[in-house]
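> quick one, fold the following:
(one chain, ligands or ions: 1)
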Amino acid sequence: MKSDDILNIATKRGFFFPSGEIYGAKAGFWTYGHLGTIMKHKFENLWRDYFLKLSDNYFEIEDVNILSEDVFKNSGHLKHFSDPLEDEKGNVKQFNMMLEVKVGVTGDEKMYLRPETAQSPYISFKREFMALREKLPMGLAVIGKAFRNEINPRQGFFRLREFTQAELQIFFKEDEFDVNFDEVKNYKLKVMDKDVKCSSLKIPKFYAYHLVKIQQFYLDVLKISKEKFRFRELDKDERAFYNKIHYDIELDMDSLGGFKEVGGLHYRTDYDTKNHKVLVNCNGKNIYPHVLELSFGVDRNIWALMDIFYRKEKERELFLFNKNVAPVEVAVFPLVNKDKIPEKAEEAYNLIKKDFNVFYDCKGSIGKMYRRMDEIGCIAMLTIDHNSLKNNDVTLRDRDSMKQIRV
Ligand code: ATP
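Numbering: from 1, shown residues only. The predicted model follows:
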């Protein structure tokens, strides 16, 4: 099965593995190994560069993971953040997924691990609004941990109890969110299996604009093919009661049996600012800002990249990562460990490591070294041999075609 193949490489090569394995791992908790950590950082940086640059009034903040009970009383989580759970007798109960933390010497002070990063911008809004000269729209992003006591975290790496979200909360005055709609109006959005012209959707322009920007992130930055990407609109019964418009971002993953949610675009109206009593003065009027939320699960996106770029060929397994996401971009090998060839290989390694993520390997046969690099999605491999000493050149092997040239 594809999920087993991916997990096998992920755990063997250092992408990710169950946390605390040596003591018997707990379901839903995973460690990123050295490759997974690079890939996760690359994803987070791509996300930052792309979404924060949508406006010069969008910024990133960082908050703690443990927040007070009052935050979640007012946000509605203590009441509503639950999933149905069936007991042995077949009765269905609501199970609250919040994880509680006892704080202080007596342990009387109840706090909670945040189940989403979103509450942090809401409760920080007032301060940032003042610091940023009281302009709307204003965006506050958080890339950070979220915690949910998921009932069934057994779907491998996809449903976790501790995970990372990248979320951008955009605050705006109702009916006053100008975007450059002309730029996107003819763009074809992929909604389920159809290409739909952006301007033909019966949704506000600011919302349609952000759908386009999200799709462009997946297609142009992450280089995911259009066939593997889609939006799915959630109807009234499916979406949270406070979301006025909700489209999920879905990617097609064979390992999970088809299209699965990796993020979403949510128009939350003034639900959150009213809950937290975030009333601000905007151009002489007291208002509760409305919120557009762009929400992404980082780990789910990492799994999706592993799934979508995985290939199994007759003699090898590989990931067709592009340089935006590949944890290792170039590998350098000496063909043999003698005759000053390792020294020449190290010279090449030192030359290029300033500009690329480079891996140096001299243990084992060249064929095996190539296979190992294929398995981690390394894009180019340089081999140094006797001729390199004379001609100052290398053999360059392309991962995808396995073609080799001398340069
Ligand atoms: P699902 O329906 O799959 O449980 P959700 O609709 O509850 O997800 P949101 O609350 O909208 O998810 O969270 C936003 C994003 O955070 C999701 O799109 C997903 O990528 C990620 N996410 C949510 N729950 C988990 C989890 N348990 N493990 C990993 N990522 C998650």
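
> dig out what whichever residue of the stretch 201-350 of the chain sits closest to the ligand forms beta bridges with.
Residue of the stretch 201-350 of the chain nearest the ligand, by CB to the nearest ligand atom: residue 297 (2.1 Å). (C-beta placed from N, C-alpha, C; glycine too.) Counting by DSSP bridges, residue 297 forms beta bridges with residue 165.

> and the host helix or strand of residue 333, what other elements does it pack with?
If you go by DSSP states H and E, residue 333 is part of strand 330-334. For strand 330-334, the packing partners by 3 or more CB pairs under 8 Å, 6 or more residues apart in numbering; DSSP states H and E come out as helix 341-352, strand 358-360, helix 366-375, strand 380-384.

> let's see it at 6 Å
helix 341-352, strand 358-360, strand 380-384 (3 or more CB pairs under 6 Å, 6 or more residues apart in numbering; DSSP states H and E).

> next one: the shortest one to chain centre, how far?
Right, strand 358-360. 25 Å (CA atoms, centre = their mean, to the nearest Å).

> now it: mean pLDDT?
For strand 358-360, the mean per-residue pLDDT is 96.

> mind listing what that strand pairs with, with the direction of each?
Sheet pairing for strand 358-360, using DSSP bridges, gives strand 330-334 (parallel).

> so the partner strand versus helix 341-352, what angle?
Inter-element angle recorded for strand 330-334 and helix 341-352: 160 degrees (by axes from the mean of the first three to the mean of the last three CA atoms, to 10 degrees).

> and the contacts of strand 330-334?
Outside strand 330-334, the residues that touch it by CB atoms under 6 Å, 6 or more residues apart in numbering are 341-342, 345, 348-349, 356, 358-362, 369, 373, 378, 380-384.

> hmm, back to that, quickly compare the helices and strands packed on strand 330-334 and say which is most buried.
Stretch with highest mean neighbour count among these: strand 380-384 (a mean of 23; mean count of other CB atoms under 10 Å).

> related to what we said a few turns ago, okay, the helices and strands packed on strand 330-334 in JSON lines with distance to the ligand next?
Converted to JSON lines, the helices and strands packed on strand 330-334 look like this (distance: least, CB to the nearest ligand atom, whole Å):
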{"stretch": "helix 341-352", "distance to the ligand": "35"}
{"stretch": "strand 358-360", "distance to the ligand": "29"}
{"stretch": "strand 380-384", "distance to the ligand": "32"}
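
> could these be laid out in a markdown table, adding distance to residue 57?
As requested, those are exported to a markdown table (distance: least, CB to CB, whole Å):
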| stretch | distance to residue 57 |
| --- | --- |
| helix 341-352 | 39 |
| strand 358-360 | 38 |
| strand 380-384 | 40 |
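
> mind checking which of the ones you listed is nearest residue 22?
The minimum distance between residue 22 and those falls on strand 358-360, with 26.3 Å, by CB to CB.

> contacting residues around that closest one?
By CB under 6 Å, 6+ apart, strand 358-360 touches 328, 330, 331, 332, 349, 352.

> now stretch 25-34: buried residues?
28, 30, 32, 33 (16 or more other CB atoms under 10 Å).

> was I right to think the last one contacts residue 13?
The reference is to residue 33. No. Using CB atoms under 6 Å, residue 33 makes no contact with residue 13, being 7.7 Å away.

> shaky segments in the stretch 51-200 of the chain?
Within the stretch 51-200 of the chain, the stretches with pLDDT under 70 are 155.

> contact residues of it facing the ligand?
Within reach of the ligand by CB under 6 Å from any ligand atom, the stretch 51-200 of the chain has these residues: 116, 148, 150, 159, 160, 163, 165.

> from these, which land in strands?
Among these, the residues falling in strands (DSSP state E) are 163, 165.

> name the member of the residues of the stretch 51-200 of the chain next to the ligand with the most neighbours.
residue 160 (23 neighbours; other CB atoms under 10 Å).

> can you tell me the closest non-neighbouring residue to it?
Nearest residue to residue 160, sequence neighbours excluded (CB to CB, 6 or more residues apart in numbering): residue 28, at 5.0 Å.

> what segments of the stretch 201-350 of the chain are strands?
229-233, 245-253, 258-269, 280-282, 285-287, 290-297, 310-312, 317-319, 330-334 (DSSP state E, counting those that start in this stretch).
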